[in-house]
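Colleague: 3D, please:
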Amino acid sequence: MRAMADPDDIYNWLRLDERTTTSGQPTQAQFDEIAALGVRDVINLAPATSEKALKNEAEILAALGLRYTHIPVDFQNPTQADFDRFCVAFEGASEAATHVHCIANYRVSAFLYLYRISAGMEETRARADLDRIWTPNPVWAAFIERMRARNSAR
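Modeller: Below you'll find the model as predicted:
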């Protein structure tokens, strides 16, 4: 059982399971809350150039003792290489509690939807979590379909 309740003030916060939480961009103070939950790895999918990006995020997380992976994904052009880098980073976190974020949790929810179905999760269950955050726009809907077609061809 978790020692603390999940934060309720982080934009589009979603707990997927005991080791995985997601959200939009946390503030410096909210990263303190995330660390207090036992998170040890943070993966950020937002470009540092985004107007809502937290400046010095790597330094803030290092001061909290958290491992930080930054994979800037162009919202208008997500790529297979971006998704593959995410999969390596997420699997590299092994059993550590991991928080994955971007600016609004849109990139993250799409990537975790794809990751979870490729790992064998029932599609409707994975899709329900994606739908709790957003309905992918045409760029992301097409990306999801390309990645699903690639995965089913394997």
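Colleague: now A62: how far from M121?
Modeller: Relative to M121, A62 is positioned 32 Å away (criterion: C-beta to C-beta, to the nearest Å). To be clear about C-beta, it is placed using only N, CA and C from the backbone, and glycine gets the same treatment.
Colleague: more crowded one of the two?
Modeller: A direct count of neighbours by other C-beta atoms under 10 Å for A62 and M121 places M121 higher, at 16 against 12.
Colleague: got the contact list for A126?
Modeller: Contacts of A126 were listed using C-beta atoms under 8 Å, 6 or more residues apart in numbering, and they are 112-113, 116-117.
Colleague: change it to 6 Å
Modeller: Contact criterion C-beta atoms under 6 Å, 6 or more residues apart in numbering gives 113, 116-117 as the residues in contact with A126.
Colleague: where do the helices sit along this structure?
Modeller: Counting by DSSP state H, residue ranges of the helices within the chain are 28-36, 57-63, 80-92, 106-118, 123-133, 138-153.
Colleague: List the contacts of the longest one.
Modeller: Right, helix 138-153. With C-beta under 6 Å, 6+ apart as the test, helix 138-153 has contacts from 78, 83, 110, 114, 118.
Colleague: got a list of what the residue nearest the centre of the chain touches?
Modeller: A centroid search over the chain (C-alpha atoms, centre = their mean) returns V100, at 3.1 Å, as the residue closest to the centre. Applying C-beta under 6 Å, 6+ apart, we find V100 in contact with 22, 43, 108.
Colleague: Turn these into JSON lines, columns for pLDDT.
Modeller: What follows is those, written out as JSON lines (pLDDT from 0 to 100):
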{"residue": "T22", "pLDDT": "98"}
{"residue": "I43", "pLDDT": "98"}
{"residue": "V108", "pLDDT": "98"}
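Colleague: filter those to the buried ones?
Modeller: In those, burial by neighbour count holds for 22, 43, 108, counting by 16 or more other C-beta atoms under 10 Å.
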